[in-house]
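1. Here is a sequence with its predicted model. Questions after.
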Amino acid sequence: MESEVPSHDEIPGSVKPEFPRGRYAARLDDKGRLKLPADFAQFFNSLPERKLHLTSTDRRIAQLYPIAEWRANEKLFDSYQEDPEATETIAFNAADFGADVEMDGQSRITIHPYLRRELEMEGQELHLIAYKGHVQILTEARYQDRKRRAMEKTSSNIIVLQKAGLR
C-alpha cells in the first residue's frame, strides 16, 4: 500500500511555501540540463516530495509541476466527462512529452531530448514563469509571441479584472 506524503497544511506548525513570482531567464547546458533559478530551487526543496513532473500539455510550452500538482491534473483527466475528446487530447500530449524529474545537487533538471527537440529549446534563452502552481518554460519565440498578444489585449483585459477586484 502506497503511503501519501502529508502536505504542509497537514503538518502542525508548518508554513506552506509560496511559489516564486515573476519571470526568470535560463538556458540549457550542453547536456540538456536546466539550472533552476534559486527561488524555484528553494521552493521545490521545501516541498514534502522532491519529485517533479515535466511535460507539455499544449505542445508549445513546457510545464514543470510539483508532483502533487500534477496528480491533481491526473485526477481531472480521470473524472472530467464534459468533453472526453479534450481530455484525451491533453492527456495524450502530457503523456507524449511527460517525464518525472528531480533536481540534482546543483538545482538542475534534465529536459529529455524529445521535449527539447520538439519545443526547440536548445541554444536559446528560456523564460521561466510561475503560473497556477507550475512553472511555464517558454522559448524566446513563444515568450515574444505571448508578450505581443499581451500588449494587444492589456487595455481591455485590465478593465475586466479591475471590475472583478484587481487592485
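-> That came through, no problem.

2. What ranges does this protein have for its strands?
-> 23-26, 33-35, 52-55, 62-66, 99-101, 108-110, 126-131, 134-139 (DSSP state E).

3. Quick one: mean pLDDT over stretch 141-160.
-> Throughout stretch 141-160, pLDDT has a mean value of 95.

4. residues in contact with that stretch?
-> Arg60, Ile61, Glu120, His127, Leu138, Leu166 (C-beta atoms under 8 Å, 6 or more residues apart in numbering). C-beta coordinates here come from the backbone N, C-alpha and C atoms, glycine included.

5. list the buried ones in that stretch?
-> Of all the residues in stretch 141-160, those buried under the rule 16 or more other C-beta atoms under 10 Å are Arg142, Tyr143.

6. Please apply the same query to stretch 93-101.
-> Within stretch 93-101, the residues that qualify as buried are Asn93, Ala94, Phe97, Gly98, Val101, counting by 16+ other C-beta under 10 Å.

7. Quick check: of these, which lies closest to Ser79?
-> Within the buried residues of stretch 93-101, the smallest distance to Ser79 is 15.5 Å, found for Ala94 (C-beta to C-beta).

8. that older thread, now, which of the buried residues of stretch 93-101 sits nearest Arg33?
-> Closest to Arg33 out of those is Val101 (10.0 Å), distances taken as C-beta to C-beta.

9. what residues are up against that closest one?
-> With the criterion set at C-beta under 8 Å, 6+ apart, Val101 makes contact with Lys51, Leu52, His53, Leu54, Leu64, Ile109, Thr110.

10. change it to 6 Å
-> Applying C-beta atoms under 6 Å, 6 or more residues apart in numbering, one finds that Val101 lies in contact with Leu52, Leu54, Ile109.

11. bridging residues for the second one?
-> The residues listed as beta-bridge partners of Leu54 by DSSP bridges are Leu64, Ala99.

12. Does it touch Gln63 like I think?
-> No: the pair Leu54 and Gln63 fails to qualify as a contact (C-beta atoms under 6 Å) at a distance of 7.4 Å.
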